[in-house]
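S.K.: missing the sequence, but the structure's below:
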């Protein structure tokens, strides 16, 4: 087995999950390295539905995107993406295809990307983490 490190240089965007609030400037975009805790940059409020168990955060949706290329000689290989931690309901998308949904934030999981990969053009990987179901323990 060969391991590739995908921890560096992810395009990240945050959403409150409410288009009105995001239009008012609550959403943001940046480049991050993993591991990354997107909630830590959001305000803590005493009216948070998760209270202390969730650090008084309101929740939100974090979207991570990365583009990468693979050479043709790798086309016979299997490609598994290991997510070691992603709190909330997580979706893994590759080239516009839903590869995996994971609903539990305290366990690692694998997403098999193999059948949707391109070996002649860039691949777009997107991970969406939805932490809007409140209350939760973050």
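M.R.: It's in. Bear in mind that the values here come from a model prediction, so they are computed numbers and not experimental data. Residues are numbered from 1 along each chain as shown.
S.K.: so where's this structure shaky on pLDDT?
M.R.: Applying pLDDT under 70 to the chain flags the ranges 138.
S.K.: for it, what spans make up the strands?
M.R.: Using DSSP state E, the strands assigned to the chain run over residues 10-15, 28-32, 61-68, 80-83, 89-94, 97-102, 109-112, 123-130.
S.K.: For residue 45, which of those is the nearest?
M.R.: In terms of Cβ to Cβ, the element of the strands of the chain nearest to residue 45 is strand 10-15, at 15.9 Å. Backbone N, C-alpha and C define where each C-beta goes, glycine included.
S.K.: and the angle for that closest one with strand 123-130?
M.R.: 30 degrees (axes from the mean of the first three to the mean of the last three Cα atoms, to 10 degrees).
S.K.: hang on, the earlier thing: could you dump the strands of the chain to TSV with distance to residue 137 and mean neighbour count?
M.R.: Listed next are these as TSV, based on distance: least, Cβ to Cβ, whole Å; neighbours: other Cβ atoms under 10 Å:
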stretch	distance to residue 137	mean neighbour count
strand 10-15	20	18
strand 28-32	23	12
strand 61-68	17	17
strand 80-83	19	14
strand 89-94	14	20
strand 97-102	17	16
strand 109-112	19	16
strand 123-130	15	20
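S.K.: Would you mind putting those strands into a markdown table with distance to residue 49 alongside?
M.R.: As requested, the strands of the chain are arranged in a markdown table below (distance: least, Cβ to Cβ, whole Å):
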| stretch | distance to residue 49 |
| --- | --- |
| strand 10-15 | 18 |
| strand 28-32 | 22 |
| strand 61-68 | 16 |
| strand 80-83 | 26 |
| strand 89-94 | 16 |
| strand 97-102 | 23 |
| strand 109-112 | 26 |
| strand 123-130 | 15 |
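S.K.: Who is residue 110 paired with across the strands?
M.R.: Note on residue 110: beta-bridge partners residue 82, judged by DSSP bridges.
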